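Trainee: turn this into a structure:
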Amino acid sequence: MTDERQERRGASGIDAGGIRPSASYGIADRPEVDGIAVLALVGELDLAAAPLLRARIEQAGTGRALVIDFARVTFVDSAVLKELLRARGELAANGVRLVLAGVPMPVRRLLDLTRTSELFEDAENVEAALTQLSA
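Mentor: Below is the predicted model:
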């Protein structure tokens, strides 16, 4: 995509601790660079974010590569991990490289605990991912 597009979602809920404020998340498209799409994720991505993430990956994953920027992510759950694993397989089958950029420690911990970190190509940040994909 050539223009930045962003979607934010949030919902509040009630649990054993009482009313909990919305855990918002966002997914933004950044301009494509030489057939490389970039999706920037923000906030807490959980089961509520998974369908939108899936749709956005499907839209963005039509070039030669897709970079998913995690620099502003504070949390992901197993539903999001499932979408990343699904995307990895489908993109690879179509010859599209997937790079996770700026993965923060909470997300890295999930990948390490589930022994899925070695399945993904990663980079320190988006710029490093773009350089890696251009090499």
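Trainee: packing partners for the helix or strand hosting R88?
Mentor: When elements are assigned from DSSP states H and E, R88 belongs to helix 78-93. Secondary-structure packing of helix 78-93 (3 or more CB pairs under 8 Å, 6 or more residues apart in numbering; DSSP states H and E): helix 50-60, strand 65-76, strand 97-101, helix 105-113. Where C-beta positions appear, they are placed from N, C-alpha and C, glycine not excepted.
Trainee: please repeat the previous calculation with a cut-off of 10 Å.
Mentor: On a contact count with 3 or more CB pairs under 10 Å, 6 or more residues apart in numbering; DSSP states H and E, helix 78-93 meets strand 36-45, helix 50-60, strand 65-76, strand 97-101, helix 105-113.
Trainee: number of nearby residues for P31?
Mentor: 10 (other CB atoms under 10 Å).
Trainee: part of a strand, is it?
Mentor: Yes - the assignment for P31 is a strand, going by DSSP: H, G, I helix; E, B strand; the rest coil.
Trainee: which residues are in contact with the closest residue to A49 other than its chain neighbours?
Mentor: Once flanking residues are discounted, A49 sits nearest to Y25: 4.8 Å by CB to CB, 6 or more residues apart in numbering. Applying CB atoms under 10 Å, 6 or more residues apart in numbering, we find Y25 in contact with 7-10, 41-46, 48-49, 52-53, 72-76, 80.
Trainee: E90 versus Y25, what's the distance?
Mentor: Y25 is 22 Å from E90, where distance means CB to CB, to the nearest Å.
Trainee: show me where the protein dips below the pLDDT cut-off.
Mentor: By pLDDT under 70, the weakly predicted segments of the chain are 1-23.
Trainee: just to revisit the earlier point, so what's the residue nearest to A49 bridging to?
Mentor: R9, G43 (DSSP bridges).
Trainee: let me know the distance separating it from L81.
Mentor: 15 Å.
Trainee: and for A37?
Mentor: According to CB to CB, A37 and L81 sit 20 Å apart.
Trainee: with L110 instead?
Mentor: 6 Å.
Trainee: need the overlap of contacts for these two.
Mentor: Common neighbours of L110 and L81 (criterion: CB under 10 Å, 6+ apart): T116.
Trainee: over to G95: give its phi and psi.
Mentor: Reported as degrees, to the nearest 10, the phi and psi values for G95 are phi 80, psi 20.
Trainee: no more questions from me, cheers.
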